[in-house]
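> The sequence isn't on hand, but the structure is:
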């Protein structure tokens, strides 16, 4: 199945790209997608998105088809769009 991944704000800047198109096996989930992104973009993706335990960092926000995910164990579907943001604060 084909998944479009779009990067925003600091994630986009650190990866120096706006998006990737990824082919995954049917039944794949968010962590399968992240593994594929590491294959495509190298280990820097792990440092940006994952903590030392391999879990998504608390300040990383992932949207599937414009809906914020709170459960990263969901399965993706063909033609999904996944947006990845780093939450920022300040003033």
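Perfect, I can see it now. All of these numbers come straight from a predicted model, not from anything done at the bench.
> mean confidence score for the lengthiest helix in the chain?
Once the chain is assigned using DSSP state H, the helix that runs over the most residues is helix 30-41. The average of the pLDDT scores along helix 30-41 is 95.
> now for the next helix or strand after that helix, which elements pack on it?
Toward the C-terminal end, the helix or strand that comes next after helix 30-41 (DSSP states H and E) is helix 44-49. Judged by 3 or more CB pairs under 8 Å, 6 or more residues apart in numbering; DSSP states H and E, helix 44-49 is in contact with helix 9-15, helix 30-41. For every residue, glycine as well, the C-beta is placed using N, CA and C.
> Serialize the ones you listed to CSV and add fields for mean neighbour count and distance to residue 79.
Converted to CSV, the helices and strands packed on helix 44-49 look like this (neighbours: other CB atoms under 10 Å; distance: least, CB to CB, whole Å):
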stretch, mean neighbour count, distance to residue 79
helix 9-15, 16, 22
helix 30-41, 17, 14
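> which stretch among these comes nearest residue 68?
helix 30-41 (12.5 Å; CB to CB).
> elements contacting the closest one?
With contacts taken as 3+ CB pairs under 8 Å, 6+ apart, helix 30-41 sits against strand 2-7, strand 19-23, helix 44-49.
> Compare the ones you listed and say which comes out lowest on pLDDT.
helix 44-49 (a mean of 92).
> Among the helices and strands packed on helix 44-49, which comes closest to residue 85?
Across the helices and strands packed on helix 44-49, closest to residue 85 is helix 9-15 (CB to CB), at 5.9 Å.
> what's around the residue lying closest to residue 37 once chain neighbours are set aside, how many residues?
Distance criterion CB to CB, 6 or more residues apart in numbering; nearest residue to residue 37, sequence neighbours excluded, is residue 45 at 5.0 Å. By other CB atoms under 10 Å, the residues close to residue 45 number 21.
> Report the buried residues of the host helix or strand of residue 63.
Per DSSP H and E, residue 63 falls inside strand 60-64. In terms of neighbour count (16 or more other CB atoms under 10 Å), strand 60-64 has its buried residues at 60-62, 64.
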